[in-house]
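# Turn this into a structure:
(one chain, ligands or ions: 2)
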Amino acid sequence: MAAHEKVDVAIVGAGASGSVFAAVMAGQGKKVVILEQGPDWQLKDLISSDIWGRRVKPAGGPFILEGKHPVSYGNQGGWGVGGAALHYFANFPRLLPNDFRIKSEHNRAHDWPIAYEDVAPYYDKVAREVGVSGDAKAEEIWRPAGEPYPMPPMKTFRNGDIWLKGFEAAGIRMVPAPVGMNSVAFKGRPACIYDGWCHVGCPIGALANPLVTYLGDARKAGAEVRPFSTVTRVLTNDTGARVTGVEYYDRSGERQVQEASAVVLAAWAAQNPRIMLNSASGKHANGLANASGLVGKYLMTHFGSSTFAIFDEDVENHMGTTGAQYMSYERYGKTSHKDAFGSTFIVAGFALKTNDLGGIANARLDLFGPDLDAFMRRAARGLTRINAFGEEMPNIENRVELIADKDAFGMPLARMTHTYDKDAEAVWNANLDEGVKVARAAGAKEVWAARGAMPTIHLMGGTIMGTDAGNSVVNSYGPDPRDCQSVRGGTRDFRHRRRLQPDLHHLRLVAARGRASCGQLEGGRGVTPTAEHLSLRCRRRRATKESSNSAEEWCPGRSSTYPAYFSNLIPSYKRSMAGDRISYQNPLFQAAQQSDMALSTNFFLIHKIYL
Ligand SMILES: Cc1cc2nc3c(=O)[nH]c(=O)nc-3n(C[C@H](O)[C@H](O)[C@H](O)COP(=O)(O)OP(=O)(O)OC[C@H]3O[C@@H](n4cnc5c(N)ncnc54)[C@H](O)[C@@H]3O)c2cc1C
Ligand code: SF4
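Ligands and ions are numbered 1, 2, ... in the order given. This next block holds a predicted model:
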């Protein structure tokens, strides 16, 4: 084991969440190390190819997926520096005030311990810092006024514009979608060229990914990024009252210890609980910050209701971005749909690729052979789609928990259990029904709703934010940096918090993804998560600033990625044992990975049509 100099702050995960902390702490002169399990991606590594793009999907030990609606996390997570936001769609909607008081207004779920007004200034700040294009004034038909976005809206294309007539007929107002993309050159980064490859990473830096935003700032301020470093435990001192650093495994599988005065967990919504639960010790028998027993509980996702339509004209579906051109909060009220409960956020206008995530070939999963061939010919010019993201209510049974099987580093694997309730199913169905009506009113000649398995998008939850240690894992600032007295819930009131049984010093939790990253509150939300968790990060970093005393070679372990990614489709991957360690491998995906062939038979049809 190499000796590592003790640092002020060790951050686990170099995604959107970890990057904000790294930027602000390094900017204040703290010695910061970011431990990232994947490669140190640079913009020049990014290749606009769906086949290449598989390299930025999650790898490492897989999650075992259970429940009626298993979490398809492989499609949404990240691997390596930049995390998921290296290749996200960069839609930047906000929560609305009704999300924060869902219990008070509807007697459902939980109220947040903060209000929209607490976060709103940070939405504006993040937009200024990372670069958001949009029309804030237009959005203010649904939300309180804020600052204008720093860039005008993005261009629109026929694949977005063509839907407007249908939305109007349904009484749904659409406005330019706010996106973390450059409509014009911004802070030395070029304007978008609308080639629609955002979902595998934007090689020119027009997309606001961590590399060109907060992580770039952090590096300039001296933060060290240590790739291929997989953190397995947060370490504490003998009394269990103070964090002392983290245990991690380096690229060659050697155990390492990084001592730190403070630790920030920013390893995403499922990995944070896994690490916290695996950090159990004599003083923390149930895992860190788990006095409430709620670590890993209330896992949540969004569902998307996709409606596809083929129009009798060239809708330029190769043009645009994979974000959205238009958006609407018209169905964001929790009771917008009869006999259903939960918000819906509607988007329209995306570039479609031939295959893979959101691709043309995947628009009709029921077709094979000549039927698929014929469909692809019809769809190549005229296919476009809309999507409605829906909100699910928190359910304590949806959870992350450790299991006995272990990964390559001897760390217990985790199981994710997830099932939607009847309200979620009702919102999903209502949105699909409405989407079909919108498409018909828009004049489409072929229309269908994507009614397969109910999708699970944007993993959130797992470290609930609340008002005291009995009902939550963290408070609204995470463990408060001014005294770092307790990581388990706590309150925003300093004196009151002092009276809590001290649990742990200097662990900060940035639990990633949506619903208040520094703790996932199970209140309400129906929008994509990044703007929200960057804003919460920024809100908390202000508290940090005010504090005077606080705190490639390609991916090893790659083969274990694919079973997670495709496990909804092909559940039969095999487990191979080496001692007590298991690696999950599916022969089909291994072969595909090694040969770099596309996995879908659709690929060959695409060749036929396009090449
Ligand atoms: C295709 C796609 C489209 C999306 N579109 C949108 C969108 O339009 N709008 C939106 O708001 N959100 C979107 N998202 C979601 C958004 O990207 C994520 O919510 C956000 O990036 C999560 O950031 P994070 O830092 O919390 O977690 P991550 O980005 O997952 O970062 C966590 C990092 O920690 C690393 N890590 C994990 N475990 C360990 C460990 N044990 N040791 C060391 N490192 C570890 C991971 O490799 C990763 O780099 C999308 C995501 C994807 C993939
Ligand atoms: S469409 Fe724009 S943001 Fe997306 S990859 Fe291309 S240039 Fe980058």
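
# Next, count neighbours for the closest residue to Y329 other than its chain neighbours.
Nearest residue to Y329, sequence neighbours excluded (CB to CB, 6 or more residues apart in numbering): W142, at 4.0 Å. No exception for glycine: its C-beta is placed from N, CA and C like everyone else's. By other CB atoms under 10 Å, the residues close to W142 number 17.

# do D314 as well
12.

# re the thing from before, for the residue nearest to Y329, pull up the helix or strand it's in.
Here W142 sits in a region with no helix or strand, counting by DSSP states H and E.

# Now do the contacts for it.
Taking CB atoms under 8 Å, 6 or more residues apart in numbering as the criterion, W142 is in contact with L96, Y329, E330, Y332.

# so L95 touches A115, yeah?
No: taking contacts as CB atoms under 8 Å, L95 lies outside contact range of A115: 10.3 Å.

# Name the residue of the stretch 101-250 of the chain that lies nearest to ligand 1.
Going by CB to the nearest ligand atom, ligand 1 is nearest to V231 of the stretch 101-250 of the chain, at 3.7 Å.

# a helix runs through that residue, doesn't it?
No: according to DSSP: H, G, I helix; E, B strand; the rest coil, V231 belongs to no helix; its state is strand.

# bridging residues for it?
Y248 (DSSP bridges).

# That one is in contact with I275, isn't it?
Yes: contact criterion CB under 8 Å: V231 and I275 qualify, at 6.1 Å.

# list the residues that contact both of the two?
Common neighbours of V231 and I275 (CB under 8 Å, 6+ apart) are V12, A267.

# which other residues reach the strand or helix carrying G160?
Taking DSSP H and E as the criterion, G160 maps to helix 158-161. Residues outside helix 158-161 that contact it (CB under 8 Å, 6+ apart) are 313-317, 319-320, 324-326, 348-352, 384.

# for stretch 124-132, same thing?
92, 146-147, 149-151, 178-182, 186-187, 189, 208, 213-214, 531, 534-535, 538.

# The residue nearest to F228 when sequence neighbours are not counted in helix, strand or coil?
Closest residue to F228 apart from its sequence neighbours, by CB to CB, 6+ apart: R251 at 3.8 Å. Under the three-state scheme (three-state DSSP), R251 adopts coil.

# same question, G323
Under three-state DSSP, G323 comes out as coil.

# Could you tell me which residues of the chain lie near ligand 2?
181, 192-198, 202, 204, 206-207, 321 (CB under 6 Å from any ligand atom).

# tell me which parts of the stretch 351-500 of the chain are close to ligand 1?
So the stretch 351-500 of the chain meets ligand 1 at H458 (CB under 6 Å from any ligand atom).

# Just want the residue of the stretch 351-500 of the chain that's nearest ligand 1.
Counting by CB to the nearest ligand atom, the stretch 351-500 of the chain gets nearest ligand 1 through H458, at 5.4 Å.

# now that residue: how far from ligand 2?
Relative to ligand 2, H458 is positioned 19 Å away (CB to the nearest ligand atom, to the nearest Å).

# Just to check, that residue is in contact with T301?
Yes: H458 is within contact range of T301, at 6.0 Å (criterion: CB under 8 Å).
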